[in-house]
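Student: Here is a sequence with its predicted model. Questions after.
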2 protein chains.
Amino acid sequence: MIKESQVSNKNMTITLAHGDGGELTHKLISELFLKYFPYEALQALGDAALLPPPAGRIAVTTDSFVVKPLFFPGGNIGSLAVNGTINDLAVTGARPLYLTLGLILEEGLSYSTLEKVISAIALAAQEAEVAIVAGDTKVVEHGHGDQIYINTTGIGVAADNIDLGPHRVEPGDVVIISGPVGDHGLTVLATRENFGLQGLKSDCAALHKVILPFLKALGPAVKWLRDPTRGGLATTLKELATSARVNVYLNEEDIPVREEVRGAAELLGLDPLYLANEGKFCAVVEKSAVDQALIFLRQHPLSKEATLIGEVREGSGRVYLRTPLGATRELHYLSGLLLPRIC
Amino acid sequence: MIKESQVSNKNMTITLAHGDGGELTHKLISELFLKYFPYEALQALGDAALLPPPAGRIAVTTDSFVVKPLFFPGGNIGSLAVNGTINDLAVTGARPLYLTLGLILEEGLSYSTLEKVISAIALAAQEAEVAIVAGDTKVVEHGHGDQIYINTTGIGVAADNIDLGPHRVEPGDVVIISGPVGDHGLTVLATRENFGLQGLKSDCAALHKVILPFLKALGPAVKWLRDPTRGGLATTLKELATSARVNVYLNEEDIPVREEVRGAAELLGLDPLYLANEGKFCAVVEKSAVDQALIFLRQHPLSKEATLIGEVREGSGRVYLRTPLGATRELHYLSGLLLPRIC
């Protein structure tokens, strides 16, 4: 047992010795991590967690989070690391079950900042009903990190009848977005650069609670799902068009963008279609199911502004945007814009 | 499709735009990662890999690697990231199946260094017969990383009859180490500090190819397994003694240490018992099975120097070392030694 007398001082900072696998590593694990992550598989502190066999195909995804700053309106690196990975499972049609947590801490990180992040992770995991089942902590020297980097790997289970992907997308299908785009990317940028813009808030949220019922209700009429994070909606749809060997036509005036985001993006010369989202998904559905899809989505708080934004046509991997003035411009992959460390 | 004309220049370096999710991210994935990782689940480039249900309990472990320098005699950050995570699965008694790969690259990293690491990962995964099924790449600004940090999360499957852990360890059992200790930690330290010591080589290796047959051959006579990485053999056995509420007695002269390691460690004032290993495991077995265990292990190249090093007695979490001169000293958790970034 770790000696109880050595209670951590909340003013203390992380040192290299917290990462050496010895006494201070044990203190950190027992006093901080085990306090917040009460799952049996983790508490055993074995080399690997042993978990019951999932009933179906397993879904696996990994994501590292280096967002700067650590805290921003609507979220923080902890909630982002949980929700972002959950969303990657959800858009595959998988029910998220387990997360692993890999921390790279910078020497000098304050213990209280670490605890704020860890408690945010615990809260987000609890709300999403996923268990943190394994973890690892490394410490790097001051000047070789940036407070805290987080990897979360997610494991879920997918029902056998789920078949989503670009291979199912064909001309005639329609494109739906679950709500306004650009909030997360713009909020992080504005917070980092201290632009003092009002009304911005990240959309960071776990989407499986709307996506899984949506898939159940609509069945195979849902053909493809994706959460448009880095690169934004435009890059995500360019990827779809490329993989599915189709063209996608979008109506600019149908794509929802919150007024605050539109105004701030114009001010900064940014296009909301290329800004990251962390609580939105894009769906391709059969045209005949579009009304049912929109009615279903609009009754859920996470997708109450779901909108039909475009259609799929025969083509060769291009995405076109029809502007309100009747012009058409082609959308490419994000390129040349420096938008680092958004997630 | 990424334009073929934009073939990557091998003299190029990683920029922030390689991490923005746009055009350069796609180039990096298609030109480098997909070249080395040919697995179907990864090639689909979905948000999560969908994999067949494993036959048994699943084992999950995660580990981040920040070793410095990236390359050292006997291994590199890539082989370490594969083998280290495989070993955490193996000592749980699980057969490793899948790995995920999370990269945090520092702006300015040379493409050729990245390719060397990626090819090492691919080779180690191939040799170990595990598939890289999901990946993620982030780029941080120069001065906020150290070339490359890697997270690997491992998923394996454990037979239902496997039951290893401190709960099975009891007085009378014996402790075996699979070979000489201290090689990895000392090699990395000596390479980093450019000590110019001869004959040092990391023991970095994937251990499942000896551990799984060992468990099959010995059955429940094997009670506990662990790979003594950070903190070394001493810390690992202190953890065991603490969890199992027993004492462990070791004979110092029985613990194998290679001559080069013993000499270099003495020179540097380090104790090999606290140095990390990356290709060794420690086992607690029933006393009646010790001969069978040693005969089995010594016929395998990865454990041909397996040795009986101690015994388990009633106690309260202490580890004692009997020196050749007949004295006894207690071993505690690693503490106060700065051995950062060994793995």
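Tutor: Everything's here; your move.

Student: Going along the chain, name the helices of chain A.
Tutor: A:23-28, A:34-36, A:40-43, A:77-90, A:111-128, A:183-192, A:208-218, A:232-244, A:259-268, A:290-298 (DSSP state H).

Student: Let me know which of those helices is tucked in deepest.
Tutor: Stretch with highest mean neighbour count among those: helix A:77-90 (a mean of 29; mean count of other C-beta atoms under 10 Å in any protein chain shown). Quick note: C-beta positions are derived from backbone N, CA and C, even for glycine.

Student: what stretches of the stretch 151-300 of chain A score poorly on pLDDT?
Tutor: Applying pLDDT under 70 to the stretch 151-300 of chain A flags no residue at all.

Student: May I see the helices of chain A arranged in JSON lines, with distance to B:Gly219 as well?
Tutor: Below are the helices of chain A laid out as JSON lines (distance: least, C-beta to C-beta, whole Å):
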{"stretch": "helix A:23-28", "distance to B:Gly219": "32"}
{"stretch": "helix A:34-36", "distance to B:Gly219": "32"}
{"stretch": "helix A:40-43", "distance to B:Gly219": "24"}
{"stretch": "helix A:77-90", "distance to B:Gly219": "37"}
{"stretch": "helix A:111-128", "distance to B:Gly219": "37"}
{"stretch": "helix A:183-192", "distance to B:Gly219": "53"}
{"stretch": "helix A:208-218", "distance to B:Gly219": "41"}
{"stretch": "helix A:232-244", "distance to B:Gly219": "49"}
{"stretch": "helix A:259-268", "distance to B:Gly219": "62"}
{"stretch": "helix A:290-298", "distance to B:Gly219": "54"}
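
Student: Need those in CSV (columns: distance to chain B).
Tutor: Shown next, in CSV, are these (distance: least, C-beta to the nearest C-beta, whole Å):
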stretch, distance to chain B
helix A:23-28, 4
helix A:34-36, 13
helix A:40-43, 8
helix A:77-90, 4
helix A:111-128, 14
helix A:183-192, 10
helix A:208-218, 11
helix A:232-244, 6
helix A:259-268, 16
helix A:290-298, 19
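
Student: Tell me which other helices or strands the lengthiest strand in chain A touches.
Tutor: Under DSSP state E, the strand in chain A containing the largest number of residues is strand A:94-106. For strand A:94-106, the elements it packs on are strand A:49-51, helix A:77-90, helix A:111-128, strand A:131-140, strand A:148-158, helix A:208-218, strand B:57-65, strand B:148-158, judged by 3 or more C-beta pairs under 8 Å, 6 or more residues apart in numbering or on different chains; DSSP states H and E.

Student: Just want the angle from that strand to strand A:131-140.
Tutor: On the basis of axes from the mean of the first three to the mean of the last three C-alpha atoms, to 10 degrees, strand A:94-106 is oriented at 20 degrees to strand A:131-140.

Student: Now do strand A:94-106 and strand A:148-158, the angle between them.
Tutor: Between strand A:94-106 and strand A:148-158, the angle comes out at 160 degrees (the same axes, to 10 degrees).

Student: In its sheet, which strands sit next to strand A:94-106, and in what direction?
Tutor: Strand A:94-106 sits in its sheet next to strand A:131-140 (parallel), strand A:148-158 (antiparallel), going by DSSP bridges.

Student: Show me which positions of that strand end up buried.
Tutor: Buried residues in strand A:94-106, defined by neighbour count with 16 or more other C-beta atoms under 10 Å in any protein chain shown: A:94-106.

Student: got any ranges where the stretch 1-150 of chain A has weak pLDDT?
Tutor: In the stretch 1-150 of chain A, residues with pLDDT under 70: A:1-10, A:41.

Student: What's the nearest residue in the stretch 101-250 of chain A when you look at chain B?
Tutor: Closest contact between the stretch 101-250 of chain A and chain B, by C-beta to the nearest C-beta, is at A:Arg230 (2.7 Å).

Student: Not counting sequence-adjacent ones, nearest residue to that residue?
Tutor: Excluding the flanking residues, the one nearest A:Arg230 by C-beta to C-beta, 6 or more residues apart in numbering or on different chains is B:Gly21, at 2.7 Å.

Student: can you check A:Pro256 too?
Tutor: A:Pro180 (4.1 Å).

Student: Pick out the residue closest to the middle of chain A.
Tutor: Compute the mean C-alpha point of chain A, and by C-alpha atoms, centre = their mean the closest residue is A:Gly84, 2.2 Å away.

Student: residues in contact with that one?
Tutor: A:63, A:65, A:152, A:204, A:229, A:278, A:343 (C-beta atoms under 8 Å, 6 or more residues apart in numbering or on different chains).

Student: what about the nearest residue to A:Gly199 once chain neighbours are set aside, distance to A:Ala190?
Tutor: The shortest distance from A:Gly199 to any non-neighbouring residue, by C-beta to C-beta, 6+ apart, is to A:Glu260 (3.8 Å). A:Glu260 sits 10 Å away from A:Ala190, going by C-beta to C-beta, to the nearest Å.

Student: any shared contact partners between these two?
Tutor: Shared contacts of A:Glu260 and A:Ala190, defined by C-beta under 8 Å, 6+ apart, comprise A:197, A:200.

Student: coming back round to it: so which of the helices of chain A gets nearest B:Gly56?
Tutor: Among these, the nearest to B:Gly56 by C-beta to C-beta is helix A:40-43 (15.2 Å).

Student: and that closest one, what does it pack onto?
Tutor: Under the contact criterion of 3+ C-beta pairs under 8 Å, 6+ apart, helix A:40-43 touches strand A:49-51, strand A:131-140.

Student: how deep is the closest residue to A:Pro272 other than its chain neighbours tucked in, by neighbour count?
Tutor: Of all residues not flanking A:Pro272 in the chain, A:Gly182 sits nearest, at 3.2 Å (C-beta to C-beta, 6+ apart). Using other C-beta atoms under 10 Å in any protein chain shown, A:Gly182 is surrounded by 30 other residues.

Student: backbone phi and psi for A:Gly182, please?
Tutor: phi 100, psi -10 (degrees, to the nearest 10).

Student: any idea how chain A splits into domains?
Tutor: As assigned by the TED database, chain A contains the domains A:14-158, A:166-331.

Student: From start to finish, how long is the first one in a straight line?
Tutor: Domain A:14-158 has an end-to-end distance of 39 Å (criterion: C-alpha to C-alpha, to the nearest Å).

Student: how distant is that domain from the center of its chain?
Tutor: Centroid separation for domain A:14-158 versus its chain: 14 Å, with C-alpha atoms, centre = their mean, to the nearest Å.

Student: got the contact list for A:Ser288?
Tutor: Residues counted as contacts of A:Ser288 (C-beta under 8 Å, 6+ apart) are A:Ala221.

Student: For A:Arg258, which non-adjacent residue is spatially closest?
Tutor: Nearest residue to A:Arg258 in three dimensions, chain neighbours excluded: A:Pro180, at 4.6 Å (C-beta to C-beta, 6+ apart).

Student: Surely the one you found and A:Glu305 touch.
Tutor: Yes: assessed by C-beta atoms under 8 Å, A:Pro180 is found in contact with A:Glu305 at 6.1 Å.

Student: Overlap in contacts, those two.
Tutor: Counting by C-beta under 8 Å, 6+ apart, the shared contacts of A:Pro180 and A:Glu305 are A:Pro256.
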